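In: Kindly return the folded structure for what I paste below:
(chains A and B)
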Amino acid sequence: MVELMLLGSMLVLALLALYTGPLRIAVIYFSVFSLICSFLYLYYQAPDVAIAEAVMGSGLITLLYLTALKRYRVYSVCYTNTDFPTVSDREIIEGTRKGELVREIEDFCFARELEPQLVFTPQPVSEVLQSGRHDLIIHQTGDKITIIGNRENYVIDELEMLLVLRYQDLKVLVERYGGSSEYGDDYLPEED
Amino acid sequence: MNTDSNETTELATLEQTASEELISVMTGLLYPFIAVFGIYIIYNGHDTPGGGFQGGAIMAALFLARFIVAHENDLEVHFVHNLEKFLFALLLIVPGIFVFAGLQIQFPELKIPYLIFMNFLIGMKVALGLTIVVYRFGFFEGR
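Out: This is a model prediction of the structure:
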């Protein structure tokens, strides 16, 4: 009975680790999988292997994966705004209302050593999406911000948290599309 | 920038430092237990479950806990690397002397200390090796 439960939960956790989009959560599932695996080794009376599995599988490997995930790079960020199509450098440096958000994003990236290139474009979002050239698209219409990015890109979650915390008068929306290499052919955001 | 947004920024940084402090304090509390557990597993490796490799991996967790908390590259990786090479040489020499010089037949009572010493050597080597792997990966690769 115990054996069946452990094996079943291992299967469930393995599937969860495979099919979970945000990679950090998938790594944690994998870590729990290793822990149950080590319980199972103990159940099969191999305590030696159980200790090794517990330390390596759920300790060191998790740490290595999390460190590797920190290396996830955002190479290019695209910023579109329907109200003002262009933002000049001076406005960004002075932090006026037009350039404030851009500056915020730059600071955010700098704090995480991401060093992306920021692109401003007057093109509509659907065209930017179709070109598939950007890792992160930030679209602003009035007081509504939409962040569009890959589901596996965890930078989005942090950016969303920052924007929600700092700009309480703005409405922050997050749109995610799936897959690691495909650029949402099936996904198009609503045009205002 | 208005005062309201400044306040929320302060709140966010406050929360961040609080969570970092939580992690560092908890890791500091766990530190001696990890060390004792690792040494216990290496020391009793010859007749209970465990041994050099498992104990070494636990000892490596000791260094890696430091890596998580401090996130500073203040470990002399080159020194550790040389130490590991020296341990590897010792690991080859000690059994060579013990087995081929016939010490195990001459002094059969030395067998248990010999096993414990070998386990300690293996444990130290594994701990240093894993530490080097993670430190190199964390600080040098991909930057």
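
In: From the centroid of chain B, which residue is nearest?
Out: residue B:60 (2.0 Å; CA atoms, centre = their mean).

In: show me the contacts for it.
Out: A:60, B:126-131, B:134 (CB atoms under 8 Å, 6 or more residues apart in numbering or on different chains). (C-beta placed from N, C-alpha, C; glycine too.)

In: Look up the closest residue to residue B:90, ignoring the ones flanking it.
Out: Nearest non-adjacent residue to residue B:90, counting by CB to CB, 6 or more residues apart in numbering or on different chains: residue B:121, 5.9 Å away.

In: how much space between that neighbour and chain A?
Out: 18 Å (CB to the nearest CB, to the nearest Å).

In: Can you say which helix or strand has that residue in it?
Out: Using DSSP states H and E, residue B:121 sits within helix B:111-139.

In: burial measure for the residue of chain B found nearest chain A, as a count.
Out: Closest contact between chain B and chain A, by CB to the nearest CB, is at residue B:49 (3.6 Å). Residue B:49: 17 surrounding residues under other CB atoms under 10 Å in any protein chain shown.

In: So it sits against residue A:54, correct?
Out: No. Contact criterion CB atoms under 8 Å: residue B:49 and residue A:54 do not qualify, at 11.6 Å.

In: May I ask which of the contacts of residue B:60 has the most neighbours?
Out: Ranking the contacts of residue B:60 using other CB under 10 Å puts residue B:127 first, with 27 neighbours.

In: Can you spell out which helices and strands pack onto the helix or strand residue A:5 falls within?
Out: Under the criterion of DSSP H and E, residue A:5 resides in helix A:2-19. Packed against helix A:2-19 by the contact rule (3 or more CB pairs under 8 Å, 6 or more residues apart in numbering or on different chains; DSSP states H and E) you find helix A:23-43.

In: what packs against the helix it packs on?
Out: Checking 3+ CB pairs under 8 Å, 6+ apart, helix A:23-43 ends up next to helix A:2-19, helix A:47-55, helix A:61-70.

In: Can you name every helix or strand that the helix or strand following the last one contacts?
Out: Once helix A:61-70 ends, the next helix or strand along the chain (criterion: DSSP H and E) is strand A:76-81. Of the remaining helices and strands, those touching strand A:76-81 by 3+ CB pairs under 8 Å, 6+ apart are helix A:100-111, strand A:117-120, helix A:125-131, strand A:136-141.

In: In the chain, where is pLDDT below threshold?
Out: This is for chain A. Regions of chain A meeting the criterion pLDDT under 70 cover residues A:71-75, A:83-99, A:112-115, A:152, A:178-192.

In: meant chain B actually
Out: B:1-19, B:71-73, B:140-143.

In: what ranges do the helices span in it?
Out: B:3-43, B:52-70, B:77-100, B:103-106, B:111-139 (DSSP state H).

In: Export the contacts of residue B:60 as CSV, with columns for distance to residue A:23.
Out: As requested, those are exported to CSV (distance: CB to CB, whole Å):
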residue, distance to residue A:23
A:60, 18
B:126, 28
B:127, 28
B:128, 30
B:129, 27
B:130, 23
B:131, 25
B:134, 19
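
In: Farthest-apart pair in those residues, please.
Out: Using CB to CB, the pair of those lying farthest apart is A:60 and B:128, separated by 13.7 Å.

In: Go through the contacts of residue B:60 and name the one nearest residue A:68.
Out: Closest to residue A:68, out of all of these and judged by CB to CB, is residue B:134, at 10.9 Å.

In: Now the residue nearest to the centre of chain B. Nearest residue, chain neighbours left out?
Out: Closest residue to residue B:60 apart from its sequence neighbours, by CB to CB, 6+ apart: residue B:130 at 3.7 Å.

In: burial measure for the residue in chain A that chain B sits nearest to, as a count.
Out: Nearest to chain B in chain A, going by CB to the nearest CB, is residue A:47, at a distance of 3.6 Å. Residues near residue A:47, counting by other CB under 10 Å, number 15.

In: picking that back up, what does the helix holding residue A:5 contact?
Out: Outside helix A:2-19, the residues that touch it by CB under 8 Å, 6+ apart are A:26-27, A:29-30, A:32-33, A:36-37, A:39-40, A:43.
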